[in-house]
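**Q** okay, predicted coordinates and the sequence, questions at the end:
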Amino acid sequence: MSPETRERSLAEPLSQATEEQLWSSYRSTKDQGIRDYFVRQYAPLVKYVAGKVAIRMPGSVEFDDLVGYGVFGLFDAIEKFDPSKHVKFKTYAVTRIRGAIFDELRSSDWVPRSVRQKAREVEDTVRELEATLGRSATDVEIAREMNLTIKEFRDLLLKISSTAVMSLNDLRYNSEDSDRISIAESIESPSSLNPDSIAERDEVKRVMLEALQELPAKEQRVLALYYYEDLTLREIGEVLQVTESRVSQLHTKAIIRLRAKLTNLKRGIS
C-alpha cells in the first residue's frame, strides 16, 4: 500500500466522525492521526490569514514565509483549543495563526528603527495625554502636544502604520507565571495557572476590554471590521465611506491607544 493510499484509508473514518467527536477524542488521546487530519483540514486557513496579513506588508516580506510562520500558529491552536468553551475552532485558530505570524515578524524586526522610534514617541504622547485628560485625546490635542500640524500628525500616522500591523493578540502582559495575557486569551483554559495568576489575567482582560470600549466609535468599528470580520482596509473604507488612508490612520490610532493603556496597566501592576 502506497503512503498516499494509506493516508486516504486513515482519513476516511475520521472524515465520517463529527467535529465534536474528533475534538473530544483528541483532547483525551492526543492521537497523531487526528492531529494530522486537523492540520490538513485547516491548512487553507493559514494561507487565508497569511494573505490578509501580506496586504499590509512591504515587498521584502515573502508570502511563503508568512505561511510558514502561520503553520506554527495552527499547530499551537490545535494543541490548546478547548471545545468546551463553545467557540468555533476556526475563530480560535485565526487568532493563533495571526499571532504566530506577527510574533515572528516582530522577532525579525522588519520595521525600520526610525519608524519604531516615531511610533514610540506618538504612543508616549498619547499615554501621558490621555492619563491627564482621563479620556481619549483628539487628533488636534495629540498634534498640539507633539508640536505638529494636523496634516503632519496624520501623515506621521500613515508612516508608522506598519508598526500597528498587529493582532489583538499582541496586546499582552508578560509576567513570570502568566507568560502571555491578551484579549484573545479569554477562550483558552487557564488551568495551568495558580490562583494569583488567574486573578491577574482576569484583571488585565477587564482593563483591556474597558480600554476597547473607551475608544472613539469609529476606531472601535475599524478594529471590529479588521480583526473580527476580516475586511481589508479598502473594504472598511467602503463601509465607513472614507478613504483607505483614513482607515489606516484610525487603525493606527486605535492600536496606539490600546498599547498606551496596557503600558500604564503594566506599570501599575509590576
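**A** It's in. Numbers count the residues shown, from 1 in each chain.

**Q** buried ones in stretch 135-149?
**A** 136-137, 141-143, 145-146, 148 (16 or more other Cβ atoms under 10 Å). C-beta: built from backbone N, CA, C; applies to glycine.

**Q** I misspoke; the intended subject was stretch 112-120.
**A** So stretch 112-120, judged by 16+ other Cβ under 10 Å, has buried residues 118-119.

**Q** picking that back up, among the buried residues of stretch 135-149, which are in helices?
**A** Counting by DSSP state H, the part of the buried residues of stretch 135-149 found in helices is 141-143, 145.

**Q** thinking again about what came up before, and which of the buried residues of stretch 135-149 is nearest to residue 240?
**A** Within the buried residues of stretch 135-149, the smallest distance to residue 240 is 17.8 Å, found for residue 136 (Cβ to Cβ).

**Q** distance of the closest residue to that closest one other than its chain neighbours from residue 84?
**A** Nearest non-adjacent residue to residue 136, counting by Cβ to Cβ, 6 or more residues apart in numbering: residue 216, 5.6 Å away. Distance of residue 216 to residue 84, computed by Cβ to Cβ, to the nearest Å: 36 Å.

**Q** with neighbour numbers in mind, choose between these two.
**A** residue 216 (15 against 10; other Cβ atoms under 10 Å).

**Q** tell me where this structure has helices.
**A** Applying DSSP H to the chain gives helices spanning 3-16, 19-29, 32-54, 63-80, 89-108, 113-133, 139-145, 150-159, 195-214, 217-223, 233-240, 244-269.

**Q** got these as JSON lines, with mean pLDDT columns?
**A** Formatted as JSON lines, the helices of the chain follow (pLDDT from 0 to 100):
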{"stretch": "helix 3-16", "mean pLDDT": "51"}
{"stretch": "helix 19-29", "mean pLDDT": "86"}
{"stretch": "helix 32-54", "mean pLDDT": "90"}
{"stretch": "helix 63-80", "mean pLDDT": "92"}
{"stretch": "helix 89-108", "mean pLDDT": "84"}
{"stretch": "helix 113-133", "mean pLDDT": "87"}
{"stretch": "helix 139-145", "mean pLDDT": "94"}
{"stretch": "helix 150-159", "mean pLDDT": "90"}
{"stretch": "helix 195-214", "mean pLDDT": "65"}
{"stretch": "helix 217-223", "mean pLDDT": "89"}
{"stretch": "helix 233-240", "mean pLDDT": "90"}
{"stretch": "helix 244-269", "mean pLDDT": "80"}
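
**Q** re earlier: columns distance to residue 61 on top of the ones in helices among the buried residues of stretch 135-149, output as a markdown table?
**A** Below are those laid out as a markdown table (distance: Cβ to Cβ, whole Å):
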| residue | distance to residue 61 |
| --- | --- |
| 141 | 34 |
| 142 | 29 |
| 143 | 31 |
| 145 | 33 |
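
**Q** from those, which single one is nearest residue 259?
**A** Among those, and counting by Cβ to Cβ, the member closest to residue 259 is residue 142, at 14.2 Å.

**Q** the residue lying closest to residue 222 once chain neighbours are set aside and residue 79: what is the separation?
**A** Among residues not flanking residue 222 along the chain, residue 250 sits closest, at 4.6 Å (Cβ to Cβ, 6+ apart). Separation of residue 250 from residue 79 (Cβ to Cβ) stands at 35 Å.

**Q** then residue 134?
**A** From residue 134 to residue 79 the distance is 42 Å (Cβ to Cβ).

**Q** now residue 158
**A** Counting by Cβ to Cβ - residue 158 and residue 79 are separated by 38 Å.

**Q** check residue 157 too.
**A** From residue 157 to residue 79 the distance is 38 Å (Cβ to Cβ).

**Q** between those two, who's got more neighbours?
**A** A count of neighbours by other Cβ under 10 Å puts residue 157 above the other of residue 157 and residue 79, at 24 against 11.

**Q** run through the residues that contact that one.
**A** Applying Cβ atoms under 8 Å, 6 or more residues apart in numbering, we find residue 157 in contact with 122, 248-249, 252-253.
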